[in-house]
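In: Okay, sequence plus prediction incoming.
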Amino acid sequence: MTNICPQNNNLNRGDWKELEEACREWAKESGAVYIVCGPVLYDRPHKTIGKHKVVVPEAFFKVVLSLGDHPKAIGFIYKNTSGNHPLDAYVNSVDEVERITAIDFFPALPDEVEKSIEAQKDINDWVFPSK
């Protein structure tokens, strides 16, 4: 039970699931992707649930990196609420996700590559034409 967080049911079965499916497609198309995801806990008192007072995150992040011939990265922030929005409604640059989470996601990349791809946030770079 260390790899789970309380997530809004609608988010889990809807928009978050769509992102997970997109990541699988990106991995198939790119050959491999690196994905980091987790909870976002803002600096304020947190809602808890259950007798053990499990903290409910305010949001969730996911960052995706593809190194291939043309390295690219993209980030996402999803509020932990019900909703039904297109994928691009959640897009952020990896730099923005790093600022929100205080995590440096890809520090092993050469600095010039890291600086360039972590500033990107064009979802169209990740959409592949149908076969």
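Out: That came in fine, so what should we check first?
In: check contacts around Tyr7.
Out: Not Tyr; residue 7 is Gln. By CB atoms under 8 Å, 6 or more residues apart in numbering, the contact list for Gln7 reads Trp16, Pro57, Phe60, Asn80. Using the backbone N, CA and C atoms, a C-beta is placed for each residue, glycine as well.
In: Can you tell me the closest non-neighbouring residue to the first one?
Out: In space, Trp16 comes closest to Tyr78 once its chain neighbours are excluded; the distance is 6.0 Å by CB to CB, 6 or more residues apart in numbering.
In: same deal with the second one?
Out: Taking CB to CB, 6+ apart as the measure, Pro57 lies nearest to Pro39, with 3.4 Å between them; neighbours along the chain are not counted.
In: List the residues that contact that neighbour.
Out: With contact taken as CB under 8 Å, 6+ apart, Pro39 is in contact with Cys5, Pro57, Ala59, Phe60, Phe61.
In: that older thread, confirm the residue nearest to Trp16 sits in a strand?
Out: Yes - counting by DSSP: H, G, I helix; E, B strand; the rest coil, Tyr78 falls inside a strand.
In: Can you get me a residue count around it?
Out: Neighbour count of Tyr78, defined by other CB atoms under 10 Å: 22.
In: No more questions from me, cheers.
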